[in-house]
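Q: Provided below for reference: sequence and predicted model.
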Amino acid sequence: MIFRNPTGIHTPLAAYSHQVEVSGDSKWLVMSGQLGMDKDGFLPEDVIKQLENTFDNIILNLKAAGMEKKNLVKLVFYFASSHDVEHRRHVIAKMLGDHQPCMTLLYVAGLANPDIKVEIDAWACSV
C-alpha cells in the first residue's frame with residue numbers, strides 16, 4: 001500500500017493521507033459503523049470516551065481478521081455531539097500513532113440512538 005499526498009493538493013488539515021493506493025493480491029476488511037459501546041453494552045455519556053471505545057472496537061475487529069492498525073486505509077467519523085476538537089485530535093493521534101489513513105469527519109444531526117455521539121466506518125487492507 002502506498003499512502004500519498006499528491007503535489008498540487010493542499011497539505012492535509014490533520015494527520016491523514018489524501019489517498020491510499022492498493023495493488024496486487026489483497027485482503028479487504030470493511031467494518032460496519034463502530035460505536036463507543038463496550039463489550040457489556042455500556043455506552044459512556046462522554047463523547048471523547050465514546051471515541052476511545054470506538055477505536056478499541058476497531059482494533060478488536062482488526063485483530064479478529066489478522067490485521068493491525070497499520071492496515072487501516074479509510075476512516076469516516078460521524079459526530080452527533082459538540083466536543084473539544086483538540087482533545088479529539090489528541091485521541092485520534094494517540095490511537096493511530098504515526099499511521100495516517102485517509103479520513104473524513106462529519107458532524108450529523110443524529111445517529112441510530114440519541115445516546116450515540118460518535119460512529120466510525122473503517123476500511124482496512126493487507127497486501
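A: Alright, I've got the coordinates. Numbering: from 1, shown residues only.
Q: Name the helix or strand of the chain that has the lowest mean pLDDT.
A: Least confident helix or strand, the chain: strand 19-21 with a mean of 75, by mean pLDDT, DSSP states H and E.
Q: Would you mind identifying the next helix or strand past the biggest helix by length in the chain?
A: Determined from DSSP state H, the single longest helix within the chain is helix 47-64. Tracing the chain past helix 47-64, the next element assigned as helix or strand by DSSP states H and E is strand 72-79.
Q: Pairing partners for that next one, with directions?
A: Each strand paired with strand 72-79, and its direction, by DSSP bridges: strand 102-107 (parallel), strand 118-126 (antiparallel).
Q: outside of that strand, which residues touch it?
A: 1, 16, 20, 22, 33, 47, 58, 62, 96, 99, 101-108, 111, 117-125 (Cβ atoms under 8 Å, 6 or more residues apart in numbering). C-betas here are computed from N, CA, C, even on glycine.
Q: Got a PyMOL select line for the buried ones in those residues?
A: Here is the PyMOL command that selects only those of those that count as buried (16 or more other Cβ atoms under 10 Å):
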select buried, resi 1+16+20+47+58+62+96+99+101+102+103+105+111+117+118+119+120+121+122+123+124+125
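Q: who touches G110 in this structure?
A: Applying Cβ under 8 Å, 6+ apart, we find G110 in contact with A80.
Q: Grab the most central residue of this structure for me.
A: Nearest to the mean C-alpha position of the chain, counting by Cα atoms, centre = their mean, stands L75 at 3.9 Å.
Q: Quick check: chain neighbours aside, which residue is closest to that one?
A: Nearest residue to L75 in three dimensions, chain neighbours excluded: M103, at 4.9 Å (Cβ to Cβ, 6 or more residues apart in numbering).
Q: Would you confirm that that neighbour contacts A14?
A: Yes - the pair formed by M103 and A14 meets the contact definition of Cβ atoms under 8 Å, at 7.3 Å.
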